[in-house]
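J.: Whatever this is, show me its structure:
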Amino acid sequence: AYEGTPAENAGPQFEAVNRWAGALRKTGRLTEAEKLYRTLLQAYEGTGPALEVDEATVAHNLANALVDNGRFKDARGYYERALALLANHWPTEDEAQRLAGIMGQNYQHCLVALGFPEKEALAKTRRLLKLPPPTGGK
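T.: Residues are numbered from 1 along each chain as shown. Got it, this is the predicted structure:
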């Protein structure tokens, strides 16, 4: 018996597909993993805020698979999507906060690989997460 919304009820199935794509990625089957992540992101469309943190995880995982393939330019947009989805969740949800740190670091690494200075990469990350600019210090 399902007690949640249709989107919440689909969550466990989406998580299983995400794990499957992750297994493909870890075994070097990057093209298959990429296709599965892309299909999964389409499935998340319209599911609303209840699954945004999960959707962010999938976007981040797709970006990582693209980076594994040396496709930093393609990965950038998916990292940005992931961080934008987390922006409304990380201040109040522990898991979203943990993910924001990991995703932010990976996004910054991607930007640096694309030639952005580290300071600019950090500033872009902070903007996506809706954080104010740092004050004082370095």
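J.: For the residue nearest the centre of the chain, pull up the helix or strand it's in.
T.: By Cα atoms, centre = their mean, the chain has its centre lying nearest to residue 60, at 2.7 Å. Here residue 60, judged by DSSP states H and E, is contained in helix 52-68.
J.: just checking, next helix/strand downstream of that helix?
T.: Toward the C-terminus, helix 52-68 is succeeded by helix 72-86 as the next helix or strand (DSSP H and E).
J.: Show me how far that next one is from its chain's centre.
T.: Distance of helix 72-86 from the chain centroid (Cα atoms, centre = their mean, to the nearest Å) equals 6 Å.
J.: got it, and stretch 114-125?
T.: 17 Å.
J.: Of all the residues in it, which ones are buried?
T.: Neighbour-count burial for stretch 114-125, counted by 16 or more other Cβ atoms under 10 Å, picks out 116, 121-125. C-beta: built from backbone N, CA, C; applies to glycine.
J.: Give me the secondary structure label for the residue nearest to residue 97 when sequence neighbours are not counted.
T.: Of all residues not flanking residue 97 in the chain, residue 90 sits nearest, at 4.6 Å (Cβ to Cβ, 6 or more residues apart in numbering). Under DSSP: H, G, I helix; E, B strand; the rest coil, residue 90 falls in the coil class.
J.: Share the number of residues neighbouring residue 90, please.
T.: 23 (other Cβ atoms under 10 Å).
J.: likewise residue 18?
T.: For residue 18, the number of neighbouring residues by other Cβ under 10 Å comes to 19.
J.: That one touches residue 43, doesn't it?
T.: No - using Cβ atoms under 8 Å, residue 18 makes no contact with residue 43, being 10.4 Å away.
J.: picking up where we left off before, what residues does the residue nearest to the centre of the chain make contact with?
T.: Counting by Cβ atoms under 8 Å, 6 or more residues apart in numbering, residue 60 touches 78-79, 82, 99, 102-103, 106.
J.: Can you list the low-confidence ranges for this structure?
T.: 1-9, 136-138 (pLDDT under 70).
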